[in-house]
Each structure stands twice: as C-alpha cells, then as structure tokens.
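Student: Show me the folded form of this:
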Amino acid sequence: MSISQIRTPRYSKMRNIFIRKEKSFFYLLFIYIFLAIYLILLPNAFGSATSESAHKPFLSSIPVLLLEPSRHFKPHGASLTLWPERSTQMGNPKKNRIEYSYLLQEDLKAPMVILIPGMGGNASSNSLLYLAEIVYRSGYSVVLIPSSTHWSFALAASASGRTGHIPEDARDMHRVIQFIKGALEEKYQIQPSQWGLLGISYGALDGAFLLNLNEGATQFNFLIMVNPPLNRSLAISKVDQYYAEGERWPKRKKDALEIHLVNRMLSVNTSINPIDTLQELERAFPLDEKELAWLLSRTFRISISHTAQIGNLLEQGEASSDFRGNMIDYLRESIYKKRFKASTEDEFIKLEGQSELMTAIANNKADTEGAKKIILFHSTNDYLSFPEGLKSLDQLPVEKHIYPYGGHLGLISDDKMIQDLEFVLSQIK
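Tutor: As a prediction, this is how the structure comes out:
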C-alpha cells in the first residue's frame, strides 16, 4: 500500500471509540477527561496530519486516485446488454455493452459481493479493483459492475436511457445482476451462501436502493457503504458550485491545472518513495483547495456529460458534442420534466427526495421481513456531505465507522480503515 496513515493514528483510534461503541455515562466521562488531559499535555500529538487533513478535504481525497490493486489480482472480464436493439451507428462509436468483471473463490458456496463504483465509474476503476481485492482476500467471491451513471449503463441497461432517478436505476441494475448471476451459475454452478453489496460514493446510493429490492432470485443480505452522499441534492449542488467557481478562470490556467495533476500522478505512481503523511502528499500535489475542488468536480461533470449524450442519442438519434448544463439542470430538465412531467418546485423536491439515502435506509428499516445489515464507512471532512451532514450521520440507524480524515474516498488508502473493513467482512461471513 503506497498511500497510508494520512492522519495521526492515535487520534483515529480515539475517534472510533466515541463513534463506534456505546458505553455507559461514566465510561464516556472518563474518556473525555482523559482526552482533555491528553490534549493539554501533548498538544502536538494530534499534529498537523489530522488537524490539517480535516481542513484540507480536497487534498485528503487525492490518494484514492493513486490506488492500484496488486499485479496478481486479475478478475475475468465479460460483457452484456439488456437492450440489444439499441444501435449506436448514428455517428457514435460507443458499444452497446456493459463491461463487468468477476473472480470466484474455489468454494462455490462462498458468499458473493457485488462492488459498485462512484459516479461515472466502470468495473475496471482502480479504486474498485483495490477494494475488490481486499474483499476477495477476505474469502468472498466478487463481481464488479459499472455505476448507474456510466454512459454504458445508460445505453445498455437503463430502460429509459436517462439515468439519475435512483429507484429506477436500481431496478435496472438489479436486472443486470440477475443476468450476471445466471451466467455465473450456468458456467461455474455457483451457490453463494450470501449476496452482499459494497458501494463507494454514488455507488453506495445505488447499493442502498438495491438492498430493498426483493425481485427475482437475488436478494441481498448486507450492504457496505463508503462515503455515500448523505444528502444527494446537497452533494450535487456542491459539485456544481465547485465547478462553476473554477470555470471563471482563464482557459490556460484550467488546462495547466489538468496537465499538472496528470503529471504529478504519473510522478507519484512511478516513484519508489511512498507517501505516508499529509505533508508529503501536499508536497507531491502543491495545489490549493480551490484548484483541487475544480479538478475533482470536473470529473463528476465529465461523467454526467457522457451520460447525457447517450440520452440525447437515444431520444433524438444524435449525441450532442457538448454539455453545458449543470447536474441539477440535467436531473430536472432531462428526467423530472420529461419522464415524470414535473413542473413545480414542490414536484422537483419530492422526486429528488425519492433518491436520497435516508429514503432508502428508512425503506430498509421498514421491511416486513427484517432489515438487512448496513455498514457505513465515512469521513467527517468529506467535502460532499459535511459539515451539513453531521445531523444526518447521527440519525442513520446503521453500523458506523467514522474517521476525521480522508476527504471524499481518500480514507480507502488508509491502513486503519482497511483493517476495520477486513474485520467487518470477517464478522459477516
């Protein structure tokens, strides 16, 4: 693991004591007193790593871009389409196929985990492969599928061709998983003892709605979520804001920033010296938070642009070459107005609420056959969810593993989080 310990390890341990365990009043009082004395006597123990990480959420997110699985982890690739009649010969070279991958345990009854990437991610994204290897080494078979926001999903899996309304996307994704399940059963005669989901970022939202579907033969027993947007509407508005602020800069500056980020990533990935502290990460990526905010938000914008182009292709027979709207405009104009005939602000808000994490969690809790197990991994300096999400975090009736560092998905690179994940996986099996 090349990126690790972007924090003060002792601080992380203390933080998890408070959030992950329920203790008596007197035990908590003792812990608080001890922590207060510790802070007074050792002011540098929490050091710059943790405190600076909390105030640099965009820099703290960069390590996820540098993750890679080991050379020995090589899942098998495959593809499918649910809509073979859709043609992409109308001036668009994209293939009408979803690419997925899988790696099975020798024990055909080993539990199976479906892994879902974040916005615009595909089955071969390094962060997803990195987590899949950890899950596989914990004794699970794994299947990696694209995000519902990947252009290939809109083309080859989405019934409407316009993804973004998650309850609908989840039903489409469930059909994809049913197809994959059937193919693996026919080829390998698998009989998994359990079916689970692991989603990162937007993929965790996909997973939360998938968990509640009891259609067909595949019913899921558990869900692991890593950095889901606690409020999707808020997260989308933040991404749009970060992108809009950077778009005011001169084109030459934006081009230079993109080139600089790519060059720095190549330099870090080819270096023999690992990055183990926030200070080393800052030296490797000497950009300010506003510049990083624009660069990271641009990846979201590119994803939704590609998906919007597929929707235009299916509706109009041609894909627009440019997408200038923001993500909220895409949802309202292309989905809520066209498909649901919404026209008022109240109707928009109601439809947006149907795709929120709290809606999915509430539906799971209300399941008459018993709520499924949900485990949450999150960072309280995630720029998509906090500081506004602290109240929502407290209200979520799920098992929580919370860290004060990592930004958005950067915590995946941290040894402590991975140890916690491995422990969770060992307990579920």
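
Student: quick one: the spatially closest residue to residue 233 that is not a sequence neighbour from residue 170, how far?
Tutor: The shortest distance from residue 233 to any non-neighbouring residue, by CB to CB, 6 or more residues apart in numbering, is to residue 352 (5.1 Å). C-beta coordinates here come from the backbone N, C-alpha and C atoms, glycine included. Separation of residue 352 from residue 170 (CB to CB, to the nearest Å): 16 Å.

Student: which of these two has more neighbours?
Tutor: Each of residue 352 and residue 170 has its neighbours counted (other CB atoms under 10 Å); residue 170 has more, 22 against 19.

Student: for the helix ranked longest in the chain, the distance to its chain's centre please.
Tutor: Determined from DSSP state H, the single longest helix within the chain is helix 289-316. Relative to the centre of its chain, helix 289-316 is centred 16 Å away, using CA atoms, centre = their mean, to the nearest Å.

Student: Determine the set of other helices and strands touching the next helix or strand after it.
Tutor: Where DSSP states H and E defines the elements, the next helix or strand beyond helix 289-316 is helix 327-329. Packing partners of helix 327-329 (3 or more CB pairs under 8 Å, 6 or more residues apart in numbering; DSSP states H and E): helix 232-247, helix 289-316.

Student: Now helix 327-329: average pLDDT?
Tutor: Average pLDDT, helix 327-329: 88.

Student: Pull the residues that contact the helix or strand following it.
Tutor: Proceeding N to C from helix 327-329, the next assigned helix or strand is helix 338-340, under DSSP H and E. The contact list for helix 338-340, computed with CB atoms under 8 Å, 6 or more residues apart in numbering, reads 160, 162, 165, 347, 351.

Student: same thing with stretch 65-78?
Tutor: Residues from elsewhere that reach stretch 65-78, judged by CB under 8 Å, 6+ apart: 2-3, 99-103, 126-127, 129-130, 132-133, 136, 142, 144, 180, 183, 265, 268-269, 275, 412-413.

Student: thinking again about what came up before, and the contacts of helix 338-340, which of them are buried?
Tutor: Those of these that meet the buried threshold are 160, 162, 165, 351, by 16 or more other CB atoms under 10 Å.

Student: shaky segments in this structure?
Tutor: Where the chain drops to pLDDT under 70, the residues are 1-54, 88-93, 214-218, 317-325, 365-371.

Student: try 90 this time
Tutor: Scanning the chain for pLDDT under 90 picks out 1-55, 85-95, 212-219, 265-280, 299-330, 333-334, 338-339, 362-372, 429.

Student: Out of the helices and strands packed on helix 327-329, which gets nearest to residue 60?
Tutor: helix 289-316 (9.7 Å; CB to CB).

Student: Sweet, I'm off.
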